[in-house]
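**Q** Predicted model, plus sequence, below.
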Amino acid sequence: MKSSVAHKEIEAPSPTSETKTKTEEDARVDVATKKIKINVQNVELFYGTFKALHGINIAIPAREVTAFIGPSGCGKSTLLRSINRMNDLIDGVSLTGSITIDDQDIYAQGVDLIELRKRVGMVFQKSNPFPKSIYDNVAYGPRIHGIKDKDVLDDIVHKSLMRADLWREVQDRLHTSALDLSGGQQQRLCIARALAVNPEVLLMDEPASALDPRSTSKIEDLIGELRHDYTIVIVTHNMQQAARVSDSTAFFYEGSLVEVGRTKELFTKPREKQTEDYITGRFG
Amino acid sequence: MKSHPSTKVRAKEVGIELALALCSSVSILTTGGIIAVLLLESFRFFEEVSPSQLLFDTQWTPLFLDKHFGIWPLIAGTLLTSAIALSLSVPAGLIIAIYVSEFATERTRRFLKPILELLAGIPTIVYGYFALLFITPALQFVFPSIGSFNALSAGIAMGIMILPMMASLSEDAIYTVPRSLREGAYALGASKLQMIIGAVLPAAIGGITAAVILSAARAIGETMIVAIAAGQQPLLHFNPLAPVETMTAYIVQVSLGDTPHGTLEYHTLFVVAMMLFLLTMGLNMISLAIRERFKRMYR
């Protein structure tokens, strides 16, 4: 029932598909000087028989922030979770097309998921610290990857918490439960935990949607600082947030990529009617 | 929309509430009654025997001419059989729970769970004879010196009996671990086993601990298996190959015998029952406290 409705609405705006390819070419020209980190080519994703992503093509430049925006159910989170193959955990998901990171196909046979997820960190919508101490949360990743030396772990924990702008607040209680932290602190702890395995890419799935405005602005400042060292992809419902933190923005609708471009241009001069309607709040 | 209920409806409501209160008061009254009887009869016992004899004597011979009332041989027997049972059921139950919730396919799970529940439905007297007539002879191959009544075989049978409860409660605890925690571990590059050890078990530890304690309470209170297979010799030792008498087995022994009502021997029943009651109630309260403590973790 749900899928049939979705299909109908996707097929309706056919004129956009022509112009869409043009938009993508332009976007590629825009970032031609930038190194491409993640290249998504013709990706289609199915939940069982429901087609959730329709031939997505997008090139994500290295060491920049790329925002995915669009109304609920548009496929932005699904695409994000395809980049570290988190969708593999869901039964009945199948994907065609290719996603490459540094020209290496992550859906090729024999790809080591552990190695992939070490390179591609993720921060979730709802903070999910483990029921352990702050220290053990950050040290969890390095430990499962074989680091045992206490001095090395101490150093990683310190640096990760510094980078996540949390060290000052927790340095005196590293060994108390992470669950006693506030929501905003927990989310920054999760960022520190992701940074501790030294990833190249950071995927953020609405990282601030459950936080109050002050914590949100802290997370946004943090993204601003991390952009120079990591390739960040952030899914957000909040268009102001996308405008504030990202270099490029991709707008998704009903499982299709409608438009992608430099954030400034997309928000001031959207090429597509749908994009304009969405960012001006006419629907969504 | 809102209309005032008529007095007739209100009377009906009050009636239902009263009936419900009456029903729930049955369990409270029963518990209160048990405690009152235990206290009263134990008091009669302490009129003749000092509490210090109960706690400091090392022999339990109330049915002999040379009477000693040291409770420790019975407690030792209870703890020994329970420890054997738990050392079997806790690791096995946990492994089953992890397997069923994390590894088993839907088909295996549908096949495995009813079998576990079947184990839980076997009357304990069957387990008792299973221990006496199967486990003990089997153990004799390994330990030729083992007695025909011994703590080990009763403990093993009890462990099998507790297994479904331990597995089922642990599985509940593991099942309630939020998906987000599993994803958090996977996203850091954890393997499935690392995810279970690092994220799922720490999050489920409250429920698992409660499962262990409830299993312990069940083992301590178990009667039939130990009365049949563990023997009726209250000796103070921790040798699993020798016979022991548990608190529950002693109660069976005395209540089946011809102990006259109102005698000192008769009163020992209630003292032992009192100790048993305190032990299991204490464990249940600890289990409750642990659950409460871990409840706040996931709002």
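**A** Here it is on my side, so go on. Everything quoted here is computed from the prediction, not taken from an experiment.
**Q** From A:Pro71, how far out is A:Met239?
**A** 11 Å (C-beta to C-beta, to the nearest Å). The C-beta positions use only the backbone N, C-alpha and C, and glycine is treated the same way.
**Q** Of the two, which one has the most company?
**A** A:Met239 (18 against 14; other C-beta atoms under 10 Å in any protein chain shown).
**Q** Pretty sure that one sits against A:Thr280.
**A** No. Because the distance of 9.5 Å does not satisfy C-beta atoms under 8 Å, A:Met239 is recorded as not touching A:Thr280.
**Q** gap between the helix ranked longest in chain B and the chain center?
**A** Ranked by residue count and defined by DSSP state H, the top helix of chain B is helix B:7-48. For helix B:7-48, the distance from its own C-alpha centre to the chain's C-alpha centre is 24 Å (C-alpha atoms, centre = their mean, to the nearest Å).
**Q** Give me the distance from the next helix or strand after it to the chain's centre.
**A** Moving toward the C-terminus from helix B:7-48, the first helix or strand encountered (DSSP states H and E) is helix B:51-56. Helix B:51-56 has its average C-alpha position 26 Å from the chain's average C-alpha position, going by C-alpha atoms, centre = their mean.
**Q** What of stretch A:152-169?
**A** Its chain's C-alpha centre lies 22 Å from the corresponding centre of stretch A:152-169 when counted by C-alpha atoms, centre = their mean.
**Q** which residues touch that stretch?
**A** A:134-135, A:138-139, A:142-143, A:147, A:170-171, A:174, A:185, A:188-189, A:191-193, A:195-196, A:218, A:221-222, A:225-226 (C-beta atoms under 8 Å, 6 or more residues apart in numbering or on different chains).
**Q** any idea where the helices of chain A begin and end?
**A** In order along the chain, chain A carries the following helices (DSSP H): A:2-11, A:15-30, A:76-83, A:113-119, A:134-144, A:150-163, A:167-170, A:183-195, A:213-226, A:239-245, A:263-268, A:273-279.
**Q** any chance of those in CSV, plus mean pLDDT?
**A** Compiled in CSV, these are given as follows (pLDDT from 0 to 100):
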stretch, mean pLDDT
helix A:2-11, 39
helix A:15-30, 47
helix A:76-83, 94
helix A:113-119, 93
helix A:134-144, 95
helix A:150-163, 95
helix A:167-170, 94
helix A:183-195, 94
helix A:213-226, 91
helix A:239-245, 91
helix A:263-268, 92
helix A:273-279, 89
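**Q** B:Thr124 is nearest to which of those?
**A** When those are ranked by distance to B:Thr124, counting by C-beta to C-beta, first place goes to helix A:134-144 at 42.5 Å.
**Q** Whether the closest one contacts chain B - can you check?
**A** Yes. Where contact is defined by C-beta under 8 Å from any C-beta of the partner chain, part of helix A:134-144 touches chain B, namely A:Tyr140, A:Gly141, A:Ile144.
**Q** Which of those residues are buried, as a PyMOL select command?
**A** A single PyMOL command suffices to select whichever of the residues of helix A:134-144 next to chain B are buried according to 16 or more other C-beta atoms under 10 Å in any protein chain shown:
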select buried, chain A and resi 140+141+144
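**Q** Take the residues of helix A:134-144 next to chain B and write them to a markdown table, including distance to B:Met195.
**A** A markdown table is the format used below for these (distance: C-beta to C-beta, whole Å):
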| residue | distance to B:Met195 |
| --- | --- |
| A:Tyr140 | 10 |
| A:Gly141 | 12 |
| A:Ile144 | 9 |
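**Q** And the residues of helix A:134-144 next to chain B, which is closest to B:Ala203?
**A** A:Tyr140 (12.7 Å).
**Q** Isn't that closest one up against B:Gly198?
**A** Yes. Contact criterion C-beta under 8 Å: A:Tyr140 and B:Gly198 qualify, at 5.8 Å.
**Q** list the contacts for the one residue sitting closest to the centre of chain B?
**A** Ranked by distance to the mean C-alpha position of chain B (C-alpha atoms, centre = their mean), the top residue is B:Arg218 at 1.1 Å. For B:Arg218, the contacting residues are B:Ile162, B:Met165, taking C-beta under 8 Å, 6+ apart as the criterion.
**Q** buried subset of the contacts of stretch A:152-169?
**A** In terms of neighbour count (16+ other C-beta under 10 Å), the buried residues within those are A:134-135, A:138-139, A:142-143, A:170, A:174, A:185, A:188-189, A:191-193, A:195-196, A:218, A:222, A:226.
**Q** So for A:Glu200, what's the nearest residue that isn't a sequence neighbour?
**A** When the adjacent residues along the chain are set aside, A:Glu200 lies closest to A:Arg119, with 5.1 Å between them (C-beta to C-beta, 6 or more residues apart in numbering or on different chains).
**Q** Equivalent analysis for A:Val138, please.
**A** Computed as C-beta to C-beta, 6+ apart, the closest residue to A:Val138 that is not its neighbour in sequence is A:Val157, at 4.5 Å.
**Q** Next up, the contacts around A:His84.
**A** Residue A:84: Asn, not His. A:Leu116, A:Arg117, A:Val120, A:Gly121, A:Met122, A:Val201, A:Leu203, B:Ala187.
**Q** So the last one versus chain A, what's the distance?
**A** Computed with C-beta to the nearest C-beta, to the nearest Å, the distance linking B:Ala187 and chain A is 4 Å.
**Q** All set now, cheers.
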